[in-house]
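Visitor: have a look; sequence and predicted model below, questions after that.
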Amino acid sequence: MKTSKLKSTRGLSRRQFIGTAALASSAFMVLPSRVLGRGGFKSPNEKLNIAGIGVGGQGGHDLSQLTSENIVALCDVDAAHAGGVFRRYAGAKVFKDYRKMLDEQKDIDAVVIATPDHQHAIISMAAMRAGKHVYCEKPLTHTVREARQLTQTAREYKVATQMGNQGQASEQTRRLCEFMLDDAIGPVREVHVWTDRPSNGLFNEYWPQGVERPKDTLPVPKTLEWDLWLGPAPERPYNPIYLPFRWRGWWDFGTGALGDIGCHAFDPVFRALKLGAPTSVEASSTRVNQETYPLASMVTYQFPARGTMPPVKLTWYDGGLRPPRPEELEAGEMMGANGHLFVGDKGKILNQEGYRLLPKSRAKAYGDPPKKLARSIGHHKEWIAACKGGAPGGSNFDWAGPLTEAVLLGNVALRLQMREELTKKKLLWDSANLKFTNSDTANQFLQTEYRKGWKL
């Protein structure tokens, strides 16, 4: 069956493009607040007052993409790690606690959140309830239920939102979608996605996984507010094994390789194939404990048919695992450490630093797919425009929330408590009711319990 082709989008407005190109969630479009009669949006000629929360790493990079606006406040619990960013925006007021910042600094229009994953939801929720526009790094949340709650709250408060998966605005994502619109490989029934994380070659780890909690108690650096860094996570002694950045592999703080890369890697798949919620998920992995994610894993999702598009099986591999080598690859041609493989009825598409048809001879004969989709003004620029009453960003929470839900379902299946159960069955997912229909154990991991004093 051939997918229907869209007419040329030349001359289309950005709103029409997002609505027709399947490059944002077409089911739930967020209209600008000026249309809905809600305050908080500025004229395109006015500058936003932006605050950064968690600015020592990726948050600092995000702010560097927003310098057309006013950076008025910075919040970070690690003064040493964030020191360079504090100096770069010397005119911004500095805070340690985002709650104090939101309460005291009333001129803030929008916030950028790039804390560890376990704090994404509570900070995003507080900011939206305070009427602030929100840019939150990926994955949007630490748990499945949090993602659903943020999506609903963004609609309720009608603020402009964007998740930090920059690839959604890229030329390569549009190129993939245009391959599918041109029916280049026919109906797709199978997709493979893989990453080398958490390991990047021998003795070069991104962050530790497959390890137990350290038993020693070390003094907290004077420049670090450890209790604020823990936030809603269970209390534990400070140890440098957790930060900076190395928190990603710990169940209490991060979302592992799948959470780190999945929102990037699944996004083009969901757009090109118009995927929604999966119907099932199952997983296998190396040894896993109750402290950290496994060294390597495979997670398999099943998605239902969408109109004339057939059901899809999506398989995720991390820790250096890869799918079987496609027979169309030439002798000596390598499958890279990270990539996508789309298997259609009439051919295959491989992503190794760019999407191309297999084999090389067919890619050369086919050339490029017809350009049918409007191009993005830029990932961060999309959010700025949305904050000023423009079209929703391509990864606004109506898109990013459901995408994050799907990604994080895989982490539920990777839990230590699920290993025996998943030797007997796969987990059946009821998205409408936000639960697994055949596992009470799995349902316990859709949300975590917050430490006393913290709430969503």
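Guide: Received it, and whenever you're ready, just let me know what you need. Residues are numbered from 1 along each chain as shown.

Visitor: need the contact list for Leu446.
Guide: By Cβ atoms under 8 Å, 6 or more residues apart in numbering, the contact list for Leu446 reads 143-145, 412, 434-435. For glycine as for every other residue, the C-beta is placed from the backbone atoms N, C-alpha and C.

Visitor: a markdown table for the residues you listed, including distance to Asn338 and neighbour count?
Guide: As requested, the contacts of Leu446 are exported to a markdown table (distance: Cβ to Cβ, whole Å; neighbours: other Cβ atoms under 10 Å):
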| residue | distance to Asn338 | neighbour count |
| --- | --- | --- |
| Thr143 | 25 | 24 |
| Val144 | 25 | 24 |
| Arg145 | 29 | 20 |
| Val412 | 24 | 24 |
| Leu434 | 31 | 17 |
| Lys435 | 33 | 17 |
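
Visitor: those in helices, which ones?
Guide: Among the contacts of Leu446, the subset assigned to helices under DSSP state H consists of 144-145, 412.

Visitor: ok, so of the contacts of Leu446, who is nearest Pro324?
Guide: The closest of the contacts of Leu446 to Pro324 turns out to be Val412 (Cβ to Cβ; 26.3 Å).

Visitor: that closest one against Ser280, yeah?
Guide: No: Val412 lies out of contact with Ser280 (Cβ atoms under 8 Å); the separation is 11.9 Å.

Visitor: show me where the stretch 151-300 of the chain has strands.
Guide: For the stretch 151-300 of the chain, the strands defined by DSSP state E, counting those that start in this stretch cover 161-164, 188-194, 280-285, 297-303.

Visitor: pick the most buried one from these.
Guide: strand 161-164 (a mean of 30; mean count of other Cβ atoms under 10 Å).

Visitor: what's that strand packed up against?
Guide: strand 133-137, helix 379-387, helix 397-413 (3 or more Cβ pairs under 8 Å, 6 or more residues apart in numbering; DSSP states H and E).

Visitor: one more time with 10 Å
Guide: Counting contacts by 3 or more Cβ pairs under 10 Å, 6 or more residues apart in numbering; DSSP states H and E, strand 161-164 packs against helix 58-64, strand 110-113, helix 120-129, strand 133-137, helix 144-157, helix 256-273, helix 379-387, helix 397-413.

Visitor: would CSV of those with distance to Glu327 and mean pLDDT be doable?
Guide: As requested, the helices and strands packed on strand 161-164 are exported to CSV (distance: least, Cβ to Cβ, whole Å; pLDDT from 0 to 100):
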stretch, distance to Glu327, mean pLDDT
helix 58-64, 39, 97
strand 110-113, 45, 98
helix 120-129, 42, 98
strand 133-137, 39, 98
helix 144-157, 37, 98
helix 256-273, 22, 97
helix 379-387, 36, 98
helix 397-413, 28, 98
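
Visitor: so for Asp196, which of the ones you listed sits nearest?
Guide: helix 256-273 (8.7 Å).

Visitor: and that closest one, how far out from the chain middle?
Guide: Here helix 256-273 is found 7 Å from its chain centre; the criterion is Cα atoms, centre = their mean, to the nearest Å.

Visitor: for it, packing partners?
Guide: strand 161-164, helix 171-181, strand 188-194, strand 297-303, strand 312-317, strand 339-344, strand 347-351, helix 397-413.

Visitor: what angle do strand 280-285 and the fifth one make with each other?
Guide: Strand 312-317 runs at 20 degrees relative to strand 280-285, counting by axes from the mean of the first three to the mean of the last three Cα atoms, to 10 degrees.

Visitor: would you put the C-alpha positions of strand 312-317 in CSV?
Guide: What follows is strand 312-317 as a C-alpha-only set of coordinates in CSV (Å, rounded to 0.1, in the frame of the first residue of the first chain):
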residue,chain,number,x,y,z
VAL,A,312,5.2,-1.6,13.4
LYS,A,313,7.7,-3.4,15.6
LEU,A,314,10.3,-1.1,17.0
THR,A,315,13.4,-2.6,18.6
TRP,A,316,15.8,-0.5,20.7
TYR,A,317,19.4,-1.6,21.5
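
Visitor: hmm, back to that, among the helices and strands packed on strand 161-164, which is nearest Ile50?
Guide: It's strand 110-113; of the helices and strands packed on strand 161-164, that one is closest to Ile50 (Cβ to Cβ) at 5.1 Å.

Visitor: chain center to the closest one, what's the gap?
Guide: Its chain's average C-alpha position is 16 Å from that of strand 110-113, according to Cα atoms, centre = their mean.

Visitor: and what of stretch 186-198?
Guide: Chain-centre distance of stretch 186-198: 16 Å, with Cα atoms, centre = their mean.

Visitor: the nearest residue to Glu146 once chain neighbours are set aside: neighbour count?
Guide: Leaving out its chain neighbours, the residue that sits closest to Glu146 by Cβ to Cβ, 6 or more residues apart in numbering is Ala121, at 3.8 Å. Ala121 has 26 neighbours, counted by other Cβ atoms under 10 Å.

Visitor: Ala121 contacts Phe397, doesn't it?
Guide: No: using Cβ atoms under 10 Å as the test, Ala121 is too far from Phe397 to be in contact (11.2 Å).

Visitor: what touches both of those two?
Guide: Listed contacts common to Ala121 and Phe397 are 136, 140, 147, 150, 153; contacts here mean Cβ atoms under 10 Å, 6 or more residues apart in numbering.

Visitor: how near is the third one to Ala121?
Guide: Ala147 sits 8 Å away from Ala121, taking Cβ to Cβ, to the nearest Å as the criterion.

Visitor: give me the common contacts of the two.
Guide: 140-141.

Visitor: returning to that earlier point: would you turn the strands of the stretch 151-300 of the chain into a markdown table with mean pLDDT and distance to Pro324?
Guide: Formatted as a markdown table, these follow (pLDDT from 0 to 100; distance: least, Cβ to Cβ, whole Å):
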| stretch | mean pLDDT | distance to Pro324 |
| --- | --- | --- |
| strand 161-164 | 98 | 32 |
| strand 188-194 | 98 | 9 |
| strand 280-285 | 97 | 16 |
| strand 297-303 | 98 | 12 |
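
Visitor: adding distance to Lys424, write those out as a markdown table.
Guide: Converted to a markdown table, those look like this (distance: least, Cβ to Cβ, whole Å):
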| stretch | distance to Lys424 |
| --- | --- |
| strand 161-164 | 35 |
| strand 188-194 | 24 |
| strand 280-285 | 11 |
| strand 297-303 | 15 |
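
Visitor: Ala79: neighbour count?
Guide: Neighbours of Ala79 using other Cβ under 10 Å come to 16.

Visitor: test my guess that Leu275 contacts Lys313.
Guide: No: counting by Cβ under 10 Å, Leu275 does not reach Lys313; the two are 11.3 Å apart.

Visitor: how deep is Lys222 tucked in, by neighbour count?
Guide: Neighbouring residues of Lys222 were enumerated by other Cβ under 10 Å; the total is 7.

Visitor: contacting residues for Gly378?
Guide: Here Gly378 is in contact with 65, 166, 169-170, 384-385 (Cβ under 10 Å, 6+ apart).

Visitor: mind putting the residues you listed into JSON lines with neighbour count and distance to Glu46?
Guide: Shown next, in JSON lines, are the contacts of Gly378 (neighbours: other Cβ atoms under 10 Å; distance: Cβ to Cβ, whole Å):
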{"residue": "Gln65", "neighbour count": "16", "distance to Glu46": "19"}
{"residue": "Gln166", "neighbour count": "19", "distance to Glu46": "25"}
{"residue": "Ala169", "neighbour count": "21", "distance to Glu46": "23"}
{"residue": "Ser170", "neighbour count": "17", "distance to Glu46": "28"}
{"residue": "Ile384", "neighbour count": "26", "distance to Glu46": "11"}
{"residue": "Ala385", "neighbour count": "19", "distance to Glu46": "12"}
